[in-house]
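Enquirer: Need a 3D model of the following:
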Amino acid sequence: MRFSLRQLEVFTCIAQLQSVSKAAEQLSMSQSAASTALKELELSYDCLLFDRAGKRLLINALGLQLLPRALALLEQAQALESLLTDNHGFGSLSVGATMTIGNYLATLLIGHFMQQHPDCKVRLHVHNTAQIVQQVASYQLDLGLIEGYYQDRDIIAQSWVADELVVFCAPQHPLAEQGCASLAELADEAWIVREQGSGTRLVFEQAFLRHQRSPDIRLELEHTEGIKRAVESGLGIGCISRLALRDAFRRGSLVAIETPELNLTRQFTFIWHKHKFQSDAMQEFLRLCRALTANIERSVEIDLATIL
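Expert: Numbers count the residues shown, from 1 in each chain. As a prediction, this is how the structure comes out:
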């Protein structure tokens, strides 16, 4: 065997970060040592794993074939080392979650997981759906929790629980007293919504497109809490997950608007790369998520107090 695990570690890190200097920093080694390790790996097999474009390294076709296998081998080696050192902990776990799931569910689920497995190091990355999918596809994340269903030949997607978006407004808004709005009325309103790439934005736009309508979007925000504050201030009406609005509806600071003509339902979904090695930590976290939401069909039915 002409390669070392260290060389594979350097290769995978460069491939994921697209930078020798960043990879060296993450691996706590000098840039020259990282460059040497990659060069020795390539020379050992008389091949190139990256295309050189100036100072940039762009992973090539051979590198893309090697990447998932190298990552799987490194994770299996880590599992073997834990076994041989009599350390039966779960090592590490990198989870990505979309804004709604990350802000209202994932932190509680991870907290519960860490109580049961205190030796496991967990990293939570919260981004929109497009970013989480991209990070799973590039092996930067072990597991993604996204809004909506995603289809890709390299991504495994498993439905979790259903989620419902709801249109809402401030108590002083004219639609608050009505409690219900037609499609024509909604089309005339100023909307405050999530940014492009968000799973919430996609469901919202598709609901209008089915009726060949385009909502009047006045403001785009990346965070649900910002949307809630803007709507409370009377800047327009919004549409986000009912899960994120439970407390505001209970307090009366925001009011739900029924929209019978719009289909605003979706699924929360687990995703991971089909070539990703499923570590014990990943399998246990998936099992725990499903166990804590067993017999629950909609996200709003999840009793957050039972997770704490």
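
Enquirer: Identify the single longest strand in this protein, thanks.
Expert: The residue-count maximum for a strand in the chain (DSSP state E) belongs to strand 155-169.

Enquirer: list the helices and strands that strand packs on?
Expert: Packing partners of strand 155-169 (3 or more Cβ pairs under 8 Å, 6 or more residues apart in numbering; DSSP states H and E): helix 129-137, helix 199-209, strand 237-241, strand 255-257, strand 265-273. All C-beta spots, glycine's among them, are computed from the backbone N, C-alpha and C.

Enquirer: Next, format those as CSV and append mean pLDDT and distance to N60.
Expert: Below are these laid out as CSV (pLDDT from 0 to 100; distance: least, Cβ to Cβ, whole Å):
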stretch, mean pLDDT, distance to N60
helix 129-137, 93, 17
helix 199-209, 95, 32
strand 237-241, 98, 41
strand 255-257, 97, 52
strand 265-273, 95, 19
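
Enquirer: just these: most buried one?
Expert: Comparing the helices and strands packed on strand 155-169 by mean neighbour count (mean count of other Cβ atoms under 10 Å), strand 237-241 comes out on top with a mean of 27.

Enquirer: rewinding a little: now do the longest strand of the chain and strand 265-273, the angle between them.
Expert: With axes from the mean of the first three to the mean of the last three Cα atoms, to 10 degrees applied, the angle from strand 155-169 to strand 265-273 works out at 150 degrees.

Enquirer: Restricting to C-alpha, output strand 155-169 in CSV.
Expert: C-alpha atoms of strand 155-169 as CSV (Å, rounded to 0.1, in the frame of the first residue of the first chain):
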residue,chain,number,x,y,z
ILE,A,155,-28.3,11.9,-2.1
ILE,A,156,-30.4,9.6,0.0
ALA,A,157,-33.5,11.3,1.3
GLN,A,158,-35.9,10.0,3.9
SER,A,159,-39.0,11.7,5.0
TRP,A,160,-39.3,12.6,8.7
VAL,A,161,-42.4,14.6,9.7
ALA,A,162,-44.8,16.8,7.8
ASP,A,163,-44.6,20.6,8.3
GLU,A,164,-47.1,23.3,7.4
LEU,A,165,-46.4,26.9,6.4
VAL,A,166,-49.0,29.5,7.6
VAL,A,167,-49.7,33.0,6.4
PHE,A,168,-49.7,35.5,9.2
CYS,A,169,-50.0,39.3,10.0
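
Enquirer: what about the helices and strands packed on strand 155-169, which gets the closest to V166?
Expert: Ranking the helices and strands packed on strand 155-169 by distance to V166, with Cβ to Cβ as the measure, places strand 255-257 first at 5.3 Å.

Enquirer: pull the longest helix from this protein.
Expert: helix 61-84 (DSSP state H).
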